[in-house]
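Chemist: this one's sequence-less:
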């Protein structure tokens, strides 16, 4: 399809395991964003990419979280040694450019549950 | 820093009632303003946007006007339908002309429309 694609749609894993979440942005979109949606915290910004570089990592909650983007397209968000507080819906968005008037288009998210 | 405050829900209305969801913001410079909607079981969708003062965004019968003097972007619809039941998020982006900035979201307002 033409929208932002995220996989998996659901992930259940045990505490302490590593997880990888994937985002495939809209073709031609240079900017890519990761957010987290949880009941207690609402929608939180995690990290964004302009091309393959990540100028702003300020939203990553701990050093267990990392992300990369290759080829200016697909991005992977990795959470190491998962904790129960990492349970949330992880949303990816992309926009045509980084200009502030450009809307961000969201994927359906990955629902992560840590047992 | 930038922030968004929107009215807390839940809001319950009868079909064909008038809807207002209040949203105010704090930002430096000239942010762009957005309303996103999340229908049950679905991802975030852009509903409307306004990128400068006095702009009116509109879509699907919803409207919001960018009021710089009151730092507000209230969402309105003249006659709601059951299908409008969803969570609505007010968001802003940017504040200056430089750089790429993430969206800052309000906490969301859940709307339930009953027949």
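Modeler: Arrived safely, thanks for sending. These numbers come from a predicted model, not from an experiment. Numbers count the residues shown, from 1 in each chain, chains lettered A, B, ... in the order given.

Chemist: next SSE downstream of the least confident helix or strand in chain A by mean pLDDT?
Modeler: Every helix and strand of chain A was ranked by mean pLDDT, DSSP states H and E. The lowest is strand A:53-56, at a mean of 86. Next along the chain after strand A:53-56, taking DSSP states H and E as the criterion, comes strand A:65-69.

Chemist: mean confidence for that following strand?
Modeler: The average of the pLDDT scores along strand A:65-69 is 96.

Chemist: adjacent strands (with direction) for the least confident helix or strand of chain A?
Modeler: strand A:42-50 (antiparallel) (DSSP bridges).

Chemist: that older thread, buried stuff in the least confident helix or strand of chain A?
Modeler: A:54, A:56 (16 or more other Cβ atoms under 10 Å in any protein chain shown). All C-beta atoms are positioned from the backbone trio N, CA, C, and that covers glycine.

Chemist: give me the number of residues near residue B:7?
Modeler: 17 (other Cβ atoms under 10 Å in any protein chain shown).

Chemist: which residues touch the nearest residue to it once chain neighbours are set aside?
Modeler: Closest residue to residue B:7 apart from its sequence neighbours, by Cβ to Cβ, 6 or more residues apart in numbering or on different chains: residue B:22 at 4.5 Å. The contact partners of residue B:22, by Cβ atoms under 8 Å, 6 or more residues apart in numbering or on different chains, come to B:6-7, B:72, B:74.

Chemist: contacts for the least confident helix or strand in chain B by mean pLDDT?
Modeler: Here the helix or strand of chain B ranked lowest by mean pLDDT, DSSP H and E is strand B:103-105, holding a mean of 91. Here strand B:103-105 makes contact (Cβ under 8 Å, 6+ apart) with A:33, A:35, A:42-43, A:45, A:93, A:104, B:1-4, B:34, B:36, B:89-93.

Chemist: selection in ChimeraX covering whichever of those residues are buried, please.
Modeler: To isolate the buried ones among these in ChimeraX, judged by 16+ other Cβ under 10 Å, type:
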select /A:33,35,43,45,93,104 /B:2,4,34,36,89,90,91,92,93
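
Chemist: out of the contacts of strand B:103-105, name the ones that lie in helices.
Modeler: Judged by DSSP state H, the contacts of strand B:103-105 include no members of helices.
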